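Colleague: just to be clear, the model below is a prediction. Sequence and coordinates:
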Amino acid sequence: MIGPYETPLFAKNGWLTNLSKQFIASDPGYNASDLLPPIAKSLSYKGDLYAVPFYGESSMMFYNKTLFAKAGLTMPQHPTWAQIQTFAAKLNQPGKTSGICLRGLAGWGDNMAALDTVVNTFGGQWFNMNWKPQLTSPAFVNAANFYVNLVRRYGEPGASNDSFNQLLTLYGQGKCAMWYDATVAATSIATTYPSVFAQTGYALAPVNLTKSSGWLWTWALGIPQGVSNSGAAWKFVSWATSKQYDQLVAAKYGWSAVPPGTRTSLYSDPQYQQAAKAFASITLASINSVDPEHATLNPVPYVGIQYVDIPQFESLGLTVAQGISGAIAGTESVSQALQAGQSAAAQYTPAQLSGG
């Protein structure tokens with residue numbers, strides 16, 4: 001099980017089976033054309049699929065409509081980060097309800113997933129077109145300070161230890177007035193915290209200088225190149241990512257529990273539309289609004305929204321993530337965190353980073 005970060009890199013190295021040529025072409029029942037275009041593209045290399053999605057997601061803002069109404073606030077469908085900061089300040093009740101809940105746990109796919117979307121819409125980027133690191137640029141510094149200050153002032157206590165599961169619990173317990181995270185959280189809230197789900201509203205990922213800012217991710221299944229039982233593997237992979245699997249989940253657990261974000265047909269299914277009417281359309285709009293090839297304000301030499309499609313990012317992303325987590329915990333400054341990331345990135349030559 002891999003994602004959009006690994007799939008093209010692994011395919012380029014010859015580690016994955018070309019699913020389009022080896023299996024999908026001879027399996028018309030799989031109907032790969034039904035896959036959501038942004039999701040399918042993120043799992044492709046040179047136009048062919050090398051993994052297929054179990055579920056897909058972007059990011060969006062969840063908010064408690066009851067708390068908003070009590071505070072006399074109205075969430076726009078397209079909020080700015082400045083508006084979110086204002087809302088968080090008004091909604092924050094220390095010891096009772098946090099104005100906003102955000103990821104703080106160190107990881108390139110944890111706190112950096114959320115922070116990178118803020119960096120992008122604030123005009124920041126990891127590298128310029130010459131592969132020179134930009135982590136200490138004014139835009140990147142401004143975005144990181146904004147994020148850290150937002151969670152330190154109005155976020156949940158102990159935020160440096162929190163990722164998706166911790167925040168889902170806090171939001172489900174009514175301890176977060178707002179929560180910015182993966183669109184798939186809507187499914188989790190609906191199936192786990194029905195009373196809070198009934199009070200939940202949804203808005204697109206907040207922006208600053210760009211028109212959209214949501215991330216793009218999918219957990220997908222691939223088949224290693226050269227395995228002897230690839231046919232059996234495809235039998236499982238194609239079933240687990242099929243429309244038939246969705247029907248099975250719906251029959252057993254209800255339509256709101258069906259893995260979202262993979263197939264266009266799911267969003268035109270009347271039963272799913274009825275069960276997931278609160279969040280289906282905004283989830284689809286969020287996924288369709290993203291463009292990993294043009295996620296930043298200015299041109300960059302890489303693809304990716306909440307990651308950079310280079311092998312070195314797994315290490316570089318973690319370095320910065322650890323520093324940001326420390327800044328949230330108050331053990332170091334944002335400046336120190338970004339300087340460490342800048343120094344780590346500067347150890348690679350442009351040729352190494354670009355794969356040249």
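Modeller: The structure has been received and is ready for your questions. Numbering: from 1, shown residues only.
Colleague: helices along the stretch 1-150 of the chain, start to end?
Modeller: Using DSSP state H, counting those that start in this stretch, the helices assigned to the stretch 1-150 of the chain run over residues 6-12, 19-22, 37-42, 65-70, 81-91, 111-121, 138-154.
Colleague: deepest-packed of these, please.
Modeller: Ranked by mean neighbour count, the helices of the stretch 1-150 of the chain are led by helix 111-121 with a mean of 26 (mean count of other Cβ atoms under 10 Å). Every C-beta, even on glycine, is put in place using the N, C-alpha and C of the backbone.
Colleague: can you put the helices of the stretch 1-150 of the chain in TSV and add mean pLDDT and distance to Y180?
Modeller: Formatted as TSV, the helices of the stretch 1-150 of the chain follow (pLDDT from 0 to 100; distance: least, Cβ to Cβ, whole Å):
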stretch	mean pLDDT	distance to Y180
helix 6-12	98	25
helix 19-22	97	33
helix 37-42	98	20
helix 65-70	98	15
helix 81-91	98	8
helix 111-121	98	6
helix 138-154	98	10
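Colleague: switch the ones you listed over to JSON lines; also include distance to I324.
Modeller: Formatted as JSON lines, the helices of the stretch 1-150 of the chain follow (distance: least, Cβ to Cβ, whole Å):
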{"stretch": "helix 6-12", "distance to I324": "23"}
{"stretch": "helix 19-22", "distance to I324": "36"}
{"stretch": "helix 37-42", "distance to I324": "25"}
{"stretch": "helix 65-70", "distance to I324": "27"}
{"stretch": "helix 81-91", "distance to I324": "16"}
{"stretch": "helix 111-121", "distance to I324": "6"}
{"stretch": "helix 138-154", "distance to I324": "7"}
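Colleague: right, and those - which one's nearest Q244?
Modeller: Of all those, it is helix 19-22 that lies closest to Q244, at 17.7 Å by Cβ to Cβ.
Colleague: give me the contacts around that closest one.
Modeller: By Cβ atoms under 8 Å, 6 or more residues apart in numbering, the residues outside helix 19-22 that reach it are A32, G47, D48, L49, Y50, A51, V52, G222, I223, S230, W234, V237.
Colleague: at 6 Å instead, please
Modeller: Helix 19-22 is contacted by residues D48, L49 when judged by Cβ atoms under 6 Å, 6 or more residues apart in numbering.
Colleague: show me how far that helix is from its chain's centre.
Modeller: Relative to its parent chain, helix 19-22 has a centroid offset of 27 Å by Cα atoms, centre = their mean, to the nearest Å.
Colleague: okay, strands next: where are they in the stretch 201-350 of the chain?
Modeller: Ranges of strands in the stretch 201-350 of the chain, per DSSP state E, counting those that start in this stretch, are 217-221.
Colleague: do you have the helices of it handy? List them.
Modeller: Taking DSSP H, counting those that start in this stretch, the helices of the stretch 201-350 of the chain run over residues 230-240, 243-253, 270-275, 280-288, 313-329, 334-346, 350-354.
Colleague: so which of the helices of the stretch 1-150 of the chain gets nearest L248?
Modeller: Using Cβ to Cβ, these put helix 37-42 closest to L248, at 20.5 Å.
Colleague: how far off centre is that closest one?
Modeller: In terms of Cα atoms, centre = their mean, the centre of helix 37-42 is set 14 Å apart from its chain centre.
Colleague: ok, and what's touching it?
Modeller: P4, P53, G56, L216, T218, I287, V290.
Colleague: pLDDT wise, what is whatever residue is furthest in space from the centre of the chain at?
Modeller: Distance from the C-alpha centroid of the chain, by Cα atoms, centre = their mean, peaks at S228 (34.0 Å). pLDDT recorded at S228 is 94.
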